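Asks: what follows is a protein structure lacking sequence information:
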């Protein structure tokens, strides 16, 4: 199920094997009413309205295409906790009597957790931003790496320790500085690691006063999940201009 929100509406696109369709709720703040439209199957469309309580409980009266004229269903959504609500749906005839048709159940919110794209994309971007920041210390840059790291840059020896990486970064600073930006191209999550294919674009400013040098690189990052959050484990850079 995909959920699209605005300040006054929520759209649920449902792709279950037993039900494919959508539900749209819009809220009229002036009248304090929730308006419902839905569509499932070739002819299961519904329209109705209701209200929402201060605690988030929702009650709706909905009529459906294809059902007898004047009949409707009452839906009650009652929150049990922040992550669980109870749904009950009773059908009524045109004389406002229950027909006996009922369905309902409890629904539990599944946390996005570690494998949520939104969760780890922002975390990765914050780590990459540290790598690009010329104002932070080398120690700060090293803090986002694990101890048994692997750093593979073009035309350089493979770096396997934080002390060697510190030496590598210090040598870079002796020749100038880079104004660069790491960019995310693709992210692939796994149980213990996250792979990221990315690129870097920037300019290198030599300390000897020579003209800045434009550069582009491709890269493959491997992030490891740790108790402190994501950290860089391995990275391979490629100077090929085709990104």
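Replies: Okay, I see it. Because the structure is predicted, anything quoted here is derived from the model rather than measured.
Asks: contacts for whichever helix or strand residue 37 is part of?
Replies: Under the criterion of DSSP states H and E, residue 37 resides in strand 33-40. Identification of contacts with strand 33-40 by C-beta atoms under 8 Å, 6 or more residues apart in numbering yields 14, 19-28, 44-52, 58, 60, 62. Any C-beta I mention is one placed from the backbone N, CA and C, and that applies to glycine too.
Asks: that one: what's the following helix or strand?
Replies: Next along from strand 33-40, by DSSP H and E: strand 44-52.
Asks: so which helix or strand of this protein has the lowest pLDDT on average?
Replies: Of all helical and strand segments in the chain, the minimum by mean pLDDT, DSSP states H and E falls on strand 2-5, at a mean of 58.
Asks: can you show me the helices along this structure?
Replies: 117-132, 138-143, 162-175 (DSSP state H).
Asks: dump these into CSV; add distance to residue 40 as well.
Replies: Converted to CSV, these look like this (distance: least, C-beta to C-beta, whole Å):
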stretch, distance to residue 40
helix 117-132, 27
helix 138-143, 51
helix 162-175, 56
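Asks: pLDDT weak spots in this protein?
Replies: The model of the chain has pLDDT under 70 over residues 1-4, 16-18, 110-119, 240-243.
Asks: one more time with 80, if that's ok
Replies: 1-5, 14-19, 41-43, 109-119, 191, 239-243 (pLDDT under 80).
Asks: which residue lies farthest from the center of it?
Replies: What lies farthest from the middle of the chain is residue 95; by C-alpha atoms, centre = their mean that is 47.2 Å.
Asks: would you mind measuring from that residue to residue 21?
Replies: Per C-beta to C-beta, to the nearest Å, residue 95 is found 29 Å from residue 21.
Asks: distance-wise, check residue 211 relative to residue 166.
Replies: Taken as C-beta to C-beta, the span from residue 211 to residue 166 is 29 Å.
Asks: oops, could you answer that again for residue 101 instead?
Replies: Applying C-beta to C-beta to residue 101 and residue 166 gives a distance of 70 Å.
Asks: more crowded one of residue 211 and residue 166?
Replies: The neighbour comparison of residue 211 against residue 166 (other C-beta atoms under 10 Å) goes to residue 166, with 15 against 8.
Asks: please name the nearest non-neighbouring residue to that one.
Replies: Leaving aside its sequence neighbours, residue 166 sits nearest to residue 138 (C-beta to C-beta, 6 or more residues apart in numbering; 5.5 Å).
Asks: what about the one you found, how many neighbours?
Replies: Residues contacting residue 138 under the criterion other C-beta under 10 Å number 16.
Asks: over to residue 35?
Replies: 16.
Asks: what is residue 206 paired to in the beta sheet?
Replies: According to DSSP bridges, the partner residues bridging residue 206 are residue 176.
Asks: check contacts around it.
Replies: By C-beta under 8 Å, 6+ apart, the neighbours of residue 206 are 175-176, 212-213.
Asks: return the set of buried residues in stretch 208-221.
Replies: Residues of stretch 208-221 classed as buried by neighbour count (16 or more other C-beta atoms under 10 Å): 217-221.
Asks: sorry, that was for stretch 13-27
Replies: 21-23, 25, 27.
Asks: over to stretch 75-84?
Replies: Quick answer for stretch 75-84 (16+ other C-beta under 10 Å): 75-78.
Asks: which one of the residues you listed sits closest to residue 191?
Replies: residue 77 (34.4 Å; C-beta to C-beta).
Asks: what bridges to that closest one?
Replies: Bridge pairing for residue 77 - DSSP bridges - gives residue 58, residue 87.
Asks: my read: it touches residue 85, true?
Replies: Yes - between residue 77 and residue 85 there is a contact under C-beta atoms under 8 Å: 5.5 Å.
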